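1. All I have is the shape, not the residue letters:
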Ligand code: HEM
């Protein structure tokens with residue numbers, strides 16, 4: 001982590017680019033995807049605009065939307081154990097509402113198309129999996145000998161069509177959304193219209209599966225470590241009690257619950273190898289010559305499970321954050337390429353995780369009539385992303401009072417997302433960017 005801080009942080013001017021990714025950047029996304037762009041003027045426009053809507057001060061205004069969506073999750077999990085679908089819909093709906101002004105029920109064709117595109121993208125950015133990344137010169141072959149280019153064109157056109165139709169909807173809807181904000185308030189000179197559409201669409205791709213994957217790991221931890229869950233529930237019961245749902249305003253009074261969230265992010269980093277960086281100048285570091293164009297990886301897995309930094313690092317132990325609140329946590333990367341969605345993601349977890357722990361006890365589900373054994377190392381990689389292999393889980397409401405309260409909150413929740421988003425607009429236009437809950 002110290003090396004990452006020095007290179008990606010202090011020397012960030014040199015180490016914030018991306019390596020050439022022929023398939024991912026040049027073919028599939030045709031130099032439009034923020035995460036793959038080299039460090040330079042175009043990336044800076046993307047980053048400025050992303051931060052204009054995702055900075056910490058803006059994210060405070062999204063609390064009402066996230067809280068409303070979180071009630072749906074609690075209600076769903078009382079009736080179904082299909083937590084994977086439930087988490088995916090939840091995080092997707094938050095991002096889709098913010099970006100395009102439309103909540104998702106989970107069965108819309110555009111939702112499934114967005115998921116497919118996001119999945120293909122995540123798989124494609126695992127550099128080196130394509131022959132054309134290993135031998136870039138073959139990308140200059142004519143199209144009848146170059147399946148990578150024609151596949152890239154098809155994928156790019158499919159994504160573009162979807163981003164275009166989502167944006168058209170976003171401009172027509174009555175609700176405030178990022179698409180409207182970017183068109184009305186941001187300086188996009190330097191980008192073509194298609195690049196603007198892509199820059200907006202990227203947020204769904206980068207934002208939906210990442211946060212839902214953290215919730216899957218949270219569920220795994222909750223099943224495997226009931227003692228930690230019990231400590232969190234004791235704290236929740238003391239601060240919140242059984243008669244209302246926790247809110248983000250409760251979190252400062254619940255250090256163990258906050259530590260639980262930190263520990264999930266540390267224990268299973270969802271991007272074990274980060275997203276690779278590249279250097280844009282020759283440099284010398286610790287006696288090594290690092291030539292321009294070198295590929296650098298922040299190894300999240302080894303950094304977050306490093307025994308020198310985190311004693312007993314393989315154990316899930318939220319207490320470590322209470323013993324030493326200054327422990328480093330860089331699940332969102334570091335430096336100029338740090339995840340711009342980190343505050344929305346953290347806000348989502350800060351709302352959802354306490355509510356899950358408040359509402360449920362967690363157990364492994366059954367496979368063929370036998371209680372499943374959950375293996376914390378049964379993981380699968382999808383491109384840059386690491387997920388648990390799906391496991392059966394049971395969410396048991398902790399008592400009847402909570403069950404009734406969730407039913408009531410679900411029935412009474414504000415379903416007028418247009419109204420919620422328009423309140424975001426009012427809050428943002430007042431310029432109240434004070435960082436608070
Ligand atoms: C818990 C959830 C999330 C985690 C752990 C996460 C983690 C990361 C990491 C490790 C990177 C690469 C940083 C680097 O290059 O050094 C990244 C990049 C990125 N993330 Fe996230 N992310 C999450 C959620 C989100 C959300 C919700 C959004 C959008 C709303 C988002 C948008 C992006 C974008 C656009 C990039 C590319 C940044 C660039 O290349 O400049 N992420 N994220």
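-> Received the coordinates, thanks. No experiment lies behind these values; they were computed from the predicted model shown.

2. in the stretch 301-437 of the chain, which spans are strands?
-> Assigned by DSSP state E, counting those that start in this stretch, the strands in the stretch 301-437 of the chain fall at 360-364, 366-367, 370-371, 379-382, 385-388, 393-397.

3. what about those strands, which gets the closest to residue 300?
-> Taking CB to CB as the criterion, strand 385-388 is the member of those that comes nearest to residue 300, at 9.1 Å. C-betas here are computed from N, CA, C, even on glycine.

4. Does that closest one reach the ligand?
-> No. Judged by CB under 6 Å from any ligand atom, strand 385-388 stays clear of the ligand, getting no closer than 9.3 Å.

5. Same check on stretch 322-339?
-> Yes. Counting by CB under 6 Å from any ligand atom, the ligand has neighbours in stretch 322-339: 331, 332, 333, 337, 338, 339.

6. what's the span of that stretch, first residue to last?
-> Stretch 322-339 stretches 25 Å from its first residue to its last (CA to CA, to the nearest Å).

7. Can you give me the buried ones in it?
-> For stretch 322-339, burial by neighbour count (16 or more other CB atoms under 10 Å) applies to 328, 329, 330, 331, 332, 333, 334, 335, 336, 337, 338, 339.

8. which residues sit in contact with the third one?
-> With contacts taken as CB atoms under 8 Å, 6 or more residues apart in numbering, residue 330 has the following neighbours: 1, 4, 298, 300, 303, 304.

9. OK, now which residue of the chain is nearest to the ligand?
-> In the chain, the residue that lies nearest the ligand is residue 341 (2.0 Å; CB to the nearest ligand atom).

10. Make sure that residue is actually in contact with residue 205.
-> No. Between residue 341 and residue 205 there is no contact, the gap being 10.7 Å when judged by CB atoms under 8 Å.

11. quick one: low-confidence ranges for this protein?
-> Counting by pLDDT under 70, the chain contains low-confidence ranges at 124-128, 431-437.

12. Please repeat the previous calculation with a cut-off of 50.
-> The model of the chain has pLDDT under 50 over residues 432-437.

13. Buried residues of the helix ranked longest in it, list them for me.
-> The longest helix of the chain (DSSP state H) is helix 193-224. Neighbour counts over helix 193-224 (16+ other CB under 10 Å) mark 195-223 as buried.

14. What angle do strand 393-397 and that helix make with each other?
-> On the basis of axes from the mean of the first three to the mean of the last three CA atoms, to 10 degrees, helix 193-224 is oriented at 80 degrees to strand 393-397.

15. how far is helix 193-224 from where the chain is centred?
-> Relative to its chain's centre, helix 193-224 lies at 3 Å (CA atoms, centre = their mean, to the nearest Å).

16. Could you point out the helix or strand that follows that helix?
-> As assigned by DSSP states H and E, the chain's next helix or strand after helix 193-224 is helix 226-239.

17. list the helices and strands that following helix packs on?
-> helix 193-224, helix 255-267, helix 342-359, strand 360-364 (3 or more CB pairs under 8 Å, 6 or more residues apart in numbering; DSSP states H and E).

18. Distance to residue 94 for the residues of stretch 322-339 next to the ligand - can I get that in a markdown table?
-> A markdown table is the format used below for those (distance: CB to CB, whole Å):
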| residue | distance to residue 94 |
| --- | --- |
| 331 | 18 |
| 332 | 17 |
| 333 | 21 |
| 337 | 23 |
| 338 | 20 |
| 339 | 15 |
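
19. Please identify which of these is nearest to residue 103.
-> Nearest member of the residues of stretch 322-339 next to the ligand to residue 103, counting by CB to CB, is residue 339, at 23.4 Å.

20. now that closest one, nearest residue through space, not along the chain?
-> Nearest residue to residue 339, sequence neighbours excluded (CB to CB, 6 or more residues apart in numbering): residue 332, at 3.9 Å.

21. where does the one you found fall, phi/psi-wise?
-> Residue 332 adopts backbone torsions of phi -100, psi 10, taken as degrees, to the nearest 10.

22. Quick one: residues contacting it.
-> Neighbours of residue 332 in contact, by CB under 8 Å, 6+ apart: 338, 339, 342, 345.

23. Filter the buried residues of stretch 322-339 down to the ones in helices?
-> Those of the buried residues of stretch 322-339 lying in helices (DSSP H): none at all.

24. ok, of those residues, which one's closest to residue 113?
-> residue 339 (24.2 Å).

25. Now do the closest one against residue 345, distance only.
-> Residue 339 is 7 Å from residue 345, where distance means CB to CB, to the nearest Å.

26. Please apply the same query to residue 61.
-> 16 Å.

27. for the ligand, what are the nearby residues on the chain?
-> Taking CB under 6 Å from any ligand atom as the measure of proximity, the chain contacts the ligand at 34-35, 47, 50, 54, 95, 202-203, 206-207, 210-211, 214, 270-271, 274-275, 298, 331-333, 337-341, 344-345.

28. how near is the residue nearest to residue 228 when sequence neighbours are not counted to residue 140?
-> Excluding its sequence neighbours, the residue lying closest to residue 228 (CB to CB, 6+ apart) is residue 318, at 5.6 Å. Between residue 318 and residue 140 the computed distance is 53 Å (CB to CB).

29. Which of these two has more residues huddled nearby?
-> Neighbour totals were compared for residue 318 and residue 140, and residue 318 leads with 23 against 8 (other CB atoms under 10 Å).

30. Now do stretch 140-159: everything it contacts.
-> The contact list for stretch 140-159 (CB under 8 Å, 6+ apart) reads 22-23, 26-30, 113, 117, 120-121, 130-132, 138-139, 198, 201.
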